[in-house]
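A.B. asks: build me a structure from this.
(chains A and B)
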Amino acid sequence: MPKMYLRRMATGQKGVVCHVAARGELGRRIRDMGLVPGTPLEVQGRAPLKDPVAVKLRDFTLTLRNNEADVIEVEVEDRP
Amino acid sequence: MKENLVALAGNPNSGKTSLFNAITGARQHVANYPGVTVERKEGFARLNGHELHLVDLPGTYSLTAYSIEELVARDVLILERPRAVVNIVDASNLERNLYLTVQLLELGIPIVVALNMMDVAEGRGIEIDAYQLARKLDVPVVPTVGRTGAGREELLRAAAEVAEGGGSRPPLNISYGPDIDPELSRMEARITSAGFLTDLHPARWTALKYFESDEEVVKRGKAADPALSAELERTVQRVAEHLRKTLDTYPEAVIADHRYGFIAALLKSGVVTRKHASDRLYVSDRIDRVVTNRFFGPIITAVILYALYTFSFTTSKVPVGWLESGFSALKGLFESLLPPGHLRSLITEGIIDGVGGVLGFVPIIIFMFLGIAILEDSGYLARAAFMLDRVFRIFGLHGSSLMAYIVGGGIAGGCGVPGVMATRTLRSSRERLATILTVPLMNCGAKLPVYALLIGAFFVEHEARMMLLLTVISWLMAFLVSKLLRSTLLQGPSTPFLLELPPYRLPTLRGILIHTWERAWLYIRKAGTILLAVSVIFWALMNFPELPESETARFDSKREAIVLDLPEELRAAALAGGLSSEETPEHLSEVRGQLLAVDREEAQAALRYSIAGRAGTFLEPATQWCGFDWRTNVALVGGFAAKEMVVSVLGTAYSMGEVDPEEDAPLRERLARDPAWSPLVAFTLILFCMLYVPCVVSVVCLAREAGSWKWGLFSAVFNTMLAFLVAVLVYQGGRLMGLGV
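C.D. replies: Predicted structure coming up:
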């Protein structure tokens, strides 16, 4: 399956987190919210100005800024 | 260890607060943790004659020391040692919620899991086997529904039973993988034999925190045993180096992965059954398709904000009116009871006006918070923050800053006090502080009478355009100041956003009322006491020192000269102000007018002679750069007590008598005629009023919310300097270009 960063994923696209390249506070916060390798997710939508992005994972919706989505690499399914 | 202390821990949005309300009812006590603006809620519950003392920990996703909330929650767990912890988990979002549970178990605290929001989970077709969960975690699990209070009794009974056990249990040992496990065991043994921090937490947990490079624990360790602490850090470094080389990762991430792995394995083994495929759209998601839609989203936000705003300000008008008439009746009572003099003036103008001013805010605060509580509890606030974050982030703010700005007067006519308090919904500290400090730049309701006076006098044809311009200017200034602060004093990367959009929920009336009352009461208690003192000080500044006797004698003789023509029996009455319009014949009205003019002249002289007046005169050399004379200065000093006072003090300073801010026509005409005034001066004064020191009430609230008096002082000094700078630039620039002179 192709890999891409969460920021580049299209609305409705699904995938599984494969790598989180953040340390420190951001890395910790991302893990606290359950975005760890192996987590399936789906891009739910974007804010009116295309940033932040809303992601559905583990039964809840998480929103993160594009620059935060940049550290999350996802193995994506083919476009729906 | 407190006798029957039971702590409530859980994720934000897990329904923790409503469960806490259901358990303790109205028997709550809210305060702040010392030194931080995190609320500490306590309450009591009775069970079979035993009383449980409950403390509601701030909602957290984890127990790292990353945010103030987490630090506070962890400190309560470690230092106060509750007998039991009720861990509230959202059954409809079990996997992520159990991450905190695992961390609580690692800490070796006896817990009871409240499997909350079972109704939501059922609605989503998620079935949870509470018995299996309890067996696998080896803790009691009680299904609950916080909104209805279902499961409350069972939960309390389970908590009481656990509390009997004495406050500790063997910590949960899970595997963190082949790289960490052996080292962890070795470190654990070293820590145990050295008795290193073992009075505070289990040895394995301490070792784990060293692996997670937890600043707080490492700091504590360094203080307790520097040598051992350094040894542990070396071990961790070695493992970290190895992990980096072999797997391109680091210990903290590995540990988190294993925690989630433990949870996933646990849930897969028969705890959770799903009726539907997991990618089914929930009701919330469908609502969000519209509510956060690129086109409709912003429109809906605008409508909701406008509604909130109209609701709180129109609804609060009635109770504000009651309070006002109540206070003026009280004032009248004291005026009729006491002879004229210092005591009467102190009680009526100092104390009653001051306290009235403070309490006058209460209805606005209550209704504003009622509205915000509804938006917050329903889940809408998170959506608004999500949609607008991009704009606010440019200026170093956060999507959630919007609410504070709007409440503070973002669309003209809010109030800075609830605005500053509304920043409590912001969790990132730098962004929150920047918001707190810039909210007072908005055009609050108290600035409007000043604008109305000056616009009415000088820009009467452009009223609407002028108001729009002022609104734009105040947002612009707030954004610029925030940007300035965030690149200087509050410098630092923006706090990670990562905001959860909780499912939409119908808020409960009880929850909202409790929420609102807490905040209103906090305001009344704190602001009330400080403000009483401040109002008395202001009263003194405006009234002392009094005119010297020679001066008062001069005014007395003027009055006597006026009444000289009157028949003897009327003179005394006239001097005592006893010539009322109904009783006095036509020809006496002229005398009455003359007497009034002398009174006003005396009031003006007295004002100029007072400390405030002298300050105004003293400041003239500086303020002439922005076109203000002593009269304007003293009015601005008065405006520090409450912005609308600028109007009434200007009235006194122009010998117009005390001008009611609502009825300013004579003063307006007077200013329009005055050669010292011009549209340019008026515009400069408007800008000055917008930007300079927030009113006392705001400063008090601001200092409290920012957590330090220094910020209150900073805001007072910085805003005044900013206002002065802007005023000088505008006035001098305008004069150079010949605009509105």
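
A.B. asks: the bottom helix or strand of chain A by mean pLDDT?
C.D. replies: In chain A, no helix or strand scores lower on mean pLDDT, DSSP states H and E than helix A:24-32, which sits at a mean of 90.

A.B. asks: buried set for that one?
C.D. replies: With burial defined by 16 or more other CB atoms under 10 Å in any protein chain shown, the residues of helix A:24-32 counted as buried are A:26-32. Using the backbone N, CA and C atoms, a C-beta is placed for each residue, glycine as well.

A.B. asks: report the central residue of chain B.
C.D. replies: Among the residues of chain B, B:M421 comes closest to the average C-alpha position under CA atoms, centre = their mean, at 1.6 Å.

A.B. asks: and the buried residues of helix A:24-32 near chain B, which?
C.D. replies: Residues of the buried residues of helix A:24-32 in contact with chain B (CB under 8 Å from any CB of the partner chain): A:26-32.

A.B. asks: follow-up on the earlier one: output the buried residues of helix A:24-32 in a markdown table; the columns should cover distance to B:F724.
C.D. replies: Listed next are the buried residues of helix A:24-32 as a markdown table, based on distance: CB to CB, whole Å:
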| residue | distance to B:F724 |
| --- | --- |
| A:L26 | 40 |
| A:G27 | 45 |
| A:R28 | 44 |
| A:R29 | 41 |
| A:I30 | 45 |
| A:R31 | 49 |
| A:D32 | 46 |
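
A.B. asks: nearest to B:V407, of those residues?
C.D. replies: A:R29 (27.6 Å; CB to CB).

A.B. asks: quick check: the gap between that closest one and A:V71.
C.D. replies: From A:R29 across to A:V71, the span is 11 Å (CB to CB, to the nearest Å).

A.B. asks: what ranges of the stretch 201-350 of chain B fall below the confidence cut-off?
C.D. replies: By pLDDT under 70, the weakly predicted segments of the stretch 201-350 of chain B are B:277-281, B:309, B:313.

A.B. asks: where do the helices sit along it?
C.D. replies: B:203-211, B:215-224, B:226-247, B:251-268, B:283-291, B:296-337, B:342-345 (DSSP state H, counting those that start in this stretch).

A.B. asks: what's the second one packed up against?
C.D. replies: When contacts are defined as 3 or more CB pairs under 8 Å, 6 or more residues apart in numbering or on different chains; DSSP states H and E, helix B:215-224 sits against helix B:203-211, helix B:226-247.

A.B. asks: tell me the angle the shortest one makes with helix B:215-224.
C.D. replies: The directions of helix B:203-211 and helix B:215-224 differ by 110 degrees, with axes from the mean of the first three to the mean of the last three CA atoms, to 10 degrees as the criterion.

A.B. asks: ditto for the last one
C.D. replies: Here helix B:226-247 runs at 140 degrees with respect to helix B:215-224, directions being taken by the same axes, to 10 degrees.

A.B. asks: can you pull out the strands in the stretch 401-550 of chain B?
C.D. replies: Assigned strands in the stretch 401-550 of chain B, in chain order: B:499-501 (criterion: DSSP state E, counting those that start in this stretch).

A.B. asks: what does it put close to chain A?
C.D. replies: B:495-503.

A.B. asks: tabulate these (TSV), appending neighbour count and pLDDT.
C.D. replies: Shown next, in TSV, are these (neighbours: other CB atoms under 10 Å in any protein chain shown; pLDDT from 0 to 100):
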residue	neighbour count	pLDDT
B:T495	19	81
B:P496	23	86
B:F497	25	87
B:L498	18	89
B:L499	23	89
B:E500	18	91
B:L501	24	92
B:P502	24	90
B:P503	23	89
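
A.B. asks: count of neighbours near B:D257?
C.D. replies: Neighbour count of B:D257, defined by other CB atoms under 10 Å in any protein chain shown: 18.

A.B. asks: tell me the residues of chain A that contact chain B?
C.D. replies: Residues of chain A that fall close to chain B, judged by CB under 8 Å from any CB: A:14, A:20, A:23, A:25-34, A:36-39, A:42, A:44-52, A:54, A:56, A:58-65, A:68.

A.B. asks: per-residue pLDDT, the nearest residue to B:A606 once chain neighbours are set aside?
C.D. replies: Ranked by CB to CB, 6 or more residues apart in numbering or on different chains and with sequence neighbours excluded, the top spatial neighbour of B:A606 is B:L547, at 5.1 Å. At B:L547, the model reports a pLDDT of 86.

A.B. asks: so how far is B:R559 from B:L547?
C.D. replies: Distance from B:L547 to B:R559, by CB to CB: 14 Å.

A.B. asks: cool, and B:Q604?
C.D. replies: Taking CB to CB, one finds B:Q604 at 15 Å from B:R559.

A.B. asks: out of the helices of the stretch 201-350 of chain B, deepest packed?
C.D. replies: Most buried of these, by mean neighbour count (mean count of other CB atoms under 10 Å in any protein chain shown): helix B:203-211, with a mean of 23.

A.B. asks: that one vs chain A: in contact?
C.D. replies: No: shown here: helix B:203-211 not in contact with chain A (CB under 8 Å from any CB), separated by at least 12.6 Å.

A.B. asks: that helix packs against which elements?
C.D. replies: Helices and strands touching helix B:203-211, by 3+ CB pairs under 8 Å, 6+ apart, are helix B:94-106, helix B:181-194, helix B:215-224, helix B:226-247, helix B:251-268.

A.B. asks: give the buried residues for the lengthiest strand in chain B.
C.D. replies: Longest strand in chain B by number of residues, with DSSP state E as the criterion: strand B:39-47. For strand B:39-47, burial by neighbour count (16+ other CB under 10 Å) applies to B:39-43, B:45.

A.B. asks: and the furthest pair within the buried residues of helix A:24-32?
C.D. replies: Largest separation among the buried residues of helix A:24-32 by CB to CB: A:L26 and A:D32, giving 10.7 Å.

A.B. asks: for the longest strand of chain B, give the mean pLDDT please.
C.D. replies: What strand B:39-47 shows for mean pLDDT is 87.

A.B. asks: can I get the CA coordinates of that strand in CSV?
C.D. replies: Backbone C-alpha positions of strand B:39-47 (Å, rounded to 0.1, in the frame of the first residue of the first chain) are rendered in CSV as follows:
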residue,chain,number,x,y,z
GLU,B,39,-10.6,24.5,39.1
ARG,B,40,-10.6,22.2,42.0
LYS,B,41,-14.1,20.8,42.6
GLU,B,42,-15.0,19.0,45.7
GLY,B,43,-18.1,17.5,46.9
PHE,B,44,-19.6,15.0,49.4
ALA,B,45,-21.7,11.9,49.0
ARG,B,46,-23.3,9.8,51.7
LEU,B,47,-23.5,6.1,51.6
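
A.B. asks: what sits up against it?
C.D. replies: Contacting residues not belonging to strand B:39-47 are listed as B:20, B:23-25, B:27-33, B:51-56, B:58, B:72, B:153, B:156-157, B:160, B:518 [CB atoms under 8 Å, 6 or more residues apart in numbering or on different chains].

A.B. asks: what's the ChimeraX line that selects buried ones from the residues you listed?
C.D. replies: Buried residues among the contacts of strand B:39-47 (16+ other CB under 10 Å), as a ChimeraX selection:
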select /B:20,23,24,28,30,32,33,52,53,54,55,56,58,72,156,160,518
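
A.B. asks: of the contacts of strand B:39-47, which belong to helices?
C.D. replies: Cross-referencing the contacts of strand B:39-47 against helices under DSSP state H gives B:20, B:23-24, B:72, B:153, B:156-157, B:160, B:518.

A.B. asks: make TSV out of these and add pLDDT.
C.D. replies: Shown next, in TSV, are the ones in helices among the contacts of strand B:39-47 (pLDDT from 0 to 100):
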residue	pLDDT
B:F20	90
B:I23	88
B:T24	87
B:V72	89
B:E153	91
B:L156	92
B:R157	92
B:A160	90
B:E518	75
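
A.B. asks: any common contacting residues for A:L26 and A:D32?
C.D. replies: In contact with both A:L26 and A:D32: no residue, using CB under 8 Å, 6+ apart.
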